[in-house]
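Trainee: Pasting the sequence and the predicted coordinates here, then a few questions.
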Amino acid sequence: MELTGADIFVHSLQDEGVEIIFGYPGGAVLHIYDALYRQDKIQHILTRHEQGATHAADGYARSTGKPGVVIVTSGPGATNAVTGIATAYMDSIPMVVFTGQVPTHLIGNDAFQEADNIGITRPCVKHNFLVKDVRDLAETIKKAFYVATTGRPGPVVVDIPKDITAEKTEYSYPDKVSMRSYNPVHVGHAGQIKRAVKLMLAAKRPMIYTGGGVILGNAAGSLTELAQLLGHPVTNTLMGLGAYPATERQFVGMLGMHGTYEANMAMHHCDVLIAIGARFDDRVTGNIEKFCPHAKIVHVDIDPSSISKNVKVDVPIVGCVDNVLKAMIKLIKGSKQRPDGAALKDWWQQIEDWRSKDCLKYDHTSELIKPQYVLESLYKATDGNAFVTSDVGQHQMWAAQFYKFDKPRRWINSGGLGTMGFGLPAAMGVQLAYRDETVVCVTGEGSIQMCIQELSTCKQYALPLKIVNLNNGYLGMVRQWQEFFYQGRYAMSYMESLPDFVKLAESYGHVGMKIEKPGDVESALEEAMAMKDRLVFMDFITDPAENVYPMIPAGGGQNEMILI
Amino acid sequence: MRHIISILMENEAGALSRVAGLFSARGYNIESLTVAPTEDPSLSRMTLVTRGTDEIIEQITKQLNKLVDVVKLMDMTDGPHIEREMMLTKVRAEGDGREELKRVSDIFRGRIIDVTDKTYTIELTGAGDKLDAFLQVLDRALIIEVVRSGVSGIARGERALKL
Ligand SMILES: Cc1cc2nc3c(=O)[nH]c(=O)nc-3n(C[C@H](O)[C@H](O)[C@H](O)COP(=O)(O)OP(=O)(O)OC[C@H]3O[C@@H](n4cnc5c(N)ncnc54)[C@H](O)[C@@H]3O)c2cc1C
Ligand SMILES: Cc1ncc(C[n+]2csc(CCOP(=O)(O)OP(=O)(O)O)c2C)c(N)n1
Ligand SMILES: [Mg+2]
C-alpha cells in the first residue's frame, strides 16, 4: 500500500521499536504531527522548548542505552535544538533528531522559517541526512538509527522537507542496512591485547582509568571482573562514574581537575596506565607535559581518533570495550603469570596514605548549609539508589564527589559541553523511562533558570522528580575562579533578583520547600522522598562562599592539587 | 611535512563541505583541494594537500576516515607517487618579448594555447615546484593572470586507491 511520507515516518519509528519521542510542533512538521495523532503506539512528549526536548531525549538515552528520538520544526525549532544536539555529541550519546524543513522547491530561497539545518548541525552531529525523495525516507531513517547507535555513538540529524511528508510511495522498512563507507570495528587486535595483558600482569604501580565508553559499551560487569582479577586501583572520569562500584575498596574516586587527591596522585606515579573508553580530556590530564611521566599506556577505544590524540600511547587497541575486556579476562585467567602481589601491596599502602588525607573533608560545624552535606544526606535518603541528573557548576562537582554510584547509567550529566540547563529536562527523560524509580535533579539557582519552563512539562506528564537546588546565590563555579584567579573581582557572577522558588514550583502545580538550616536538611529530604507522586522542588540556601576542593589549577600537573 | 591525501567519498551533496568543515573546525591547514567525480558515478575523488607534524597528519587521516561519507583514503606521500598540477598563465607578450616567452615556455614544456597580438596563454603541467619555478623565471610585470588546478596525485606501481 502507498503511504504518505508522514505515515512512513511514523511506521518507520514504530518498526524501529521507538516507544517515546520528544518534540514540539510547527508548520513544517504538521503532516507528521497529524500522522502521530492518528496512532497510539508511540508516545509523544511535548516539552516547553526544543532544547528541553533534546536534553530529555538525551537523558532517556543515557539512562536506558536506547537512542533518544526528537522531532522539531524547521527554522527556530531546529536552531533551538542545536544546544541539545551539541551536548549529546560531546558525550557520544545516541540520538536521532528529525528537523522539519521548508518544501524542497523553496530550499535556498530564504523561505519562511528556513534555516540550513544540515549546515548548522554538521559540526555537532555524527552524521546528518537531507531527505530529497520520499522513496528514500524509510531507508534514511534506518540508516540514521544504525549510525547513531553503532560504533562510537552520537546524534544524527534527519532533515525532512515538508513536501516529502505529503508525497506517497510504497512503504517497507529495511531489516538491516549496510553502508560501504561506515564499518565500525568491534573486536580488538589479538596481538595488541596480548601485549597489554603482559604489561598489566607485570605492573608494579598500575592504574585503571575508565570513562564514558565503559558505560556506553555496557561493559561495567566486565570492567569489575577484570579489575578484581588484577587487584588494581580504579578511577573513573566524570562520565565514567558508576562503571565501577564507588563503594568498593579498589575505587579511588574520580580523577581530574576536581577528582580526589588519591586518584590524581596514583595517576601521576603509576607505571602502567590502562585507559578504557576514556578520551584524555584536558580536565582529566591537567598539564599534558606533566601527565603520567612514568607510565606505559594502554588505551582501549572504539574510535581510532581518540587514540593518541592528546597523549601518545604505547599499546593502542581499537575495539568495543566489552569485547576487549572479555578477551583480556580470558588471557589473564589462562596465564600462569599472576599479578605482582608484593609490589601491589606496597602500591596500595602508598594509595591508602594518599587516601588518608581525606581530600573531600569539609566544615561540619558551620551554621550555614554546606552543599556537600546536602549531597551526603541525599545519598542516605535515597539509599544510593537514585538516578541523579545534574546541571553544570559547583553543584555538579559536589554531586560527582559525594554521591557514590555503584551502578552504571545512574549518573547523568553534561561533561563535554558542560551545558547549563541540562539537568531538569534530562531528568524528565529518565523518569519517563523509569516511572517507578527515584529521579533526582541536582542543580543550582543559575542553571535551573535556563530550562525552568520544563516544570510545566513535568506537571502535564505527572513526573515526580526531586529537584535539589543548591542555591548559593552565585554562578558558583564562575565565582570560585574569580576568587582564585581574578583577585575576587566578581564580575556578573552574583545572581540577583532570584524568584521565590517555592512559589514558582507551586505555580507550576508542584510542591516547593525552602531549607535554610543544616538541622533541617535530612528531614526535608526524607519528607520530599516520601512524596512519591509529586514533584518536589527543594530550595537549599547554601553557603555562598563554599568552593570545590581539591583542584588542579590551570597548567598544573595531576600531582599539583590544591587541597583545602 | 607536506602530505597529499586522496579520498574516495560518496558522491553526495554536501560531502565537500564535510571535509572543508572538518579542516576549519579543527584548525588543520589546507594548501589545496580538488574534487571531481570518478569513473564510478557514485564516488567522487578528492585530493588535498596539507602540512603538519606526524601526529597532526595521523589525526587528520583518522578524522577523515571517521566522516561517514568517506569510503577510503590514502596518504600518497606514504610511498612512491606521482603528483601533477595544471597551470594556465596569461602573460603580456609584445614586441621582442614574444620570442623570449615562447622559448621559456618550451623549456618548461608548456603549450601556448591562446594567442592574441598582445598576449599568450600558456598551459603547463607538472609537480607544484616545477610550476613555481616557471613563475619565478617570468618577469612579474608581464603576468596578467595565473590559474592553478590544485594538486592531484596517483601512487606508482601496483598501489592504488580503489574499492
Ligand atoms: C564544570 C566541569 C568540570 C569538570 N571536571 C572534570 C573532572 O574533574 N574530572 C573529569 O574526569 N571530568 C571533568 N569534566 C568532564 C570533562 O569535561 C569530560 O567530559 C570528561 O572528562 C570526558 O570523559 P571521558 O574521558 O570518560 O570521555 P567520554 O566523553 O565519555 O568519551 C567516551 C570515550 O569512549 C569511547 N567509546 C564509546 N563507546 C565505546 C565502546 N563501546 N567501546 C570502546 N570505547 C568506546 C569514545 O570513543 C570516547 O573516546 C568536567 C566537566 C565540567 C562541565
Ligand atoms: C549554557 C552555559 N552558559 C554558561 C556556562 C558557564 N558556566 C559554567 S558553571 C556556571 C555557573 C553555574 O551556576 P549555578 O547553576 O548556580 O551552579 P553553582 O556553580 O553555583 O553550583 C557558568 C555560568 C555554561 N556552562 N553553560
Ligand atoms: Mg549557584
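Mentor: That came through fine. Quick caveat, the model's predicted, so the values are computed rather than measured. Ligands and ions are numbered 1, 2, ... in the order given.

Trainee: Point me to the helix or strand that includes residue A:128.
Mentor: strand A:127-130 (DSSP states H and E).

Trainee: Export the following helix or strand past that strand to CSV, keeping only CA atoms.
Mentor: Using DSSP H and E, the next helix or strand after strand A:127-130 towards the C-terminus is helix A:137-149. C-alpha atoms of helix A:137-149 as CSV (Å, rounded to 0.1, in the frame of the first residue of the first chain):
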residue,chain,number,x,y,z
LEU,A,137,12.7,8.2,3.6
ALA,A,138,12.4,4.8,5.3
GLU,A,139,15.9,3.7,4.4
THR,A,140,17.3,7.0,5.6
ILE,A,141,15.6,6.6,9.0
LYS,A,142,17.0,3.1,9.2
LYS,A,143,20.5,4.4,8.4
ALA,A,144,20.1,7.2,11.0
PHE,A,145,19.4,4.8,13.8
TYR,A,146,22.1,2.5,12.7
VAL,A,147,24.8,5.2,12.6
ALA,A,148,23.6,6.8,15.9
THR,A,149,23.7,3.6,17.9
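
Trainee: for the record, mean pLDDT for the one helix or strand residue A:201 maps to?
Mentor: Following DSSP H and E, one finds residue A:201 within helix A:190-202. For helix A:190-202, mean pLDDT is 98.

Trainee: same question, stretch A:56-63
Mentor: Per-residue scores along stretch A:56-63 average to 99.

Trainee: Next, see if that stretch gets close to ligand 1.
Mentor: No. Using C-beta under 6 Å from any ligand atom, stretch A:56-63 stays clear of ligand 1, coming no nearer than 10.5 Å. Backbone N, C-alpha and C define where each C-beta goes, glycine included.

Trainee: What is the distance between that stretch and the centre of its chain?
Mentor: Centroid separation for stretch A:56-63 versus its chain: 9 Å, with C-alpha atoms, centre = their mean, to the nearest Å.

Trainee: Give me the contact list for it.
Mentor: A:20-22, A:45, A:47, A:66-70, A:84, A:87-88, A:91, A:93-95, A:97, A:387, A:389, A:409-410, A:412, A:422, A:425-430, A:432-434, A:454, A:457 (C-beta atoms under 8 Å, 6 or more residues apart in numbering or on different chains).

Trainee: Would you write a PyMOL line that selects the buried entries of those?
Mentor: The buried residues among these can be selected in PyMOL (16 or more other C-beta atoms under 10 Å in any protein chain shown) with this line:
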select buried, chain A and resi 20+21+22+45+47+67+68+69+70+84+87+88+91+93+94+95+97+387+389+409+410+412+422+425+426+427+428+429+430+432+433+454+457
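
Trainee: Run through the contacts of stretch A:56-63 and flag the ones next to ligand 1.
Mentor: Applying C-beta under 6 Å from any ligand atom to these, one finds that residue A:91 fall near ligand 1.

Trainee: re the thing from before, quick check: next helix or strand after the helix holding residue A:201?
Mentor: Next helix or strand after helix A:190-202 toward the C-terminus (DSSP H and E): strand A:206-210.

Trainee: Any idea which residue of chain B lies closest to ligand 3?
Mentor: In chain B, the residue that lies nearest ligand 3 is residue B:25 (31.8 Å; C-beta to the ion).

Trainee: correct me, but that residue touches residue A:123?
Mentor: Yes. Using C-beta atoms under 8 Å, residue B:25 is in contact with residue A:123, at 5.1 Å.

Trainee: Check what pLDDT the residue nearest the centre of chain A gets.
Mentor: Closest residue to the average C-alpha location of chain A: residue A:413 at 4.2 Å, with C-alpha atoms, centre = their mean. Here the pLDDT value assigned to residue A:413 is 98.

Trainee: contacting residues for residue A:364?
Mentor: For residue A:364, the contact set (C-beta under 8 Å, 6+ apart) comprises A:370, A:373.

Trainee: Swap in 10 Å and give it another go.
Mentor: Shown in contact with residue A:364 (C-beta atoms under 10 Å, 6 or more residues apart in numbering or on different chains): A:370, A:372, A:373, A:376, A:518.

Trainee: ok, now residue B:129?
Mentor: Contacts of residue B:129 were listed using C-beta under 10 Å, 6+ apart, and they are B:83, B:85.

Trainee: Tell me which residues touch residue A:65, please.
Mentor: Shown here is residue A:65, whose contacts under the criterion C-beta under 10 Å, 6+ apart are A:94, A:149, A:153, A:215, A:216, A:217, A:218, A:408, A:409, A:433.

Trainee: pLDDT wise, what is the first one at?
Mentor: The predicted local distance difference test score for residue A:94 is 98.

Trainee: And it, how far from residue A:88?
Mentor: Separation of residue A:94 from residue A:88 (C-beta to C-beta, to the nearest Å) stands at 8 Å.

Trainee: what's the overlap in contacts for those two?
Mentor: Residues touching both residue A:94 and residue A:88 (C-beta under 10 Å, 6+ apart) are A:57, A:58, A:61, A:62, A:68, A:126, A:148, A:153, A:154, A:155, A:156.

Trainee: Next, work out how far apart the fourth one and residue B:24 are.
Mentor: Looking back up the chat, that one is residue A:62. Relative to residue B:24, residue A:62 is positioned 30 Å away (C-beta to C-beta).

Trainee: can you check residue A:489 too?
Mentor: 35 Å.

Trainee: Residue A:195 now?
Mentor: 38 Å.

Trainee: Show me which of the two is the more surrounded one.
Mentor: Set residue A:195 next to residue B:24 and count neighbours by other C-beta atoms under 10 Å in any protein chain shown: residue A:195 wins out with 16 against 10.

Trainee: Nearest residue to the more buried one in space, ignoring adjacent ones along the chain?
Mentor: residue A:315 (5.2 Å; C-beta to C-beta, 6 or more residues apart in numbering or on different chains).

Trainee: do residue A:516 as well
Mentor: Closest to residue A:516 by C-beta to C-beta, 6+ apart is residue A:541, at 4.7 Å.

Trainee: I'd assumed the one you found was in a strand, is it?
Mentor: Yes. Under DSSP: H, G, I helix; E, B strand; the rest coil, residue A:541 falls within a strand.

Trainee: who's it bridged to?
Mentor: Per DSSP bridges, the residues bridged to residue A:541 are residue A:471.
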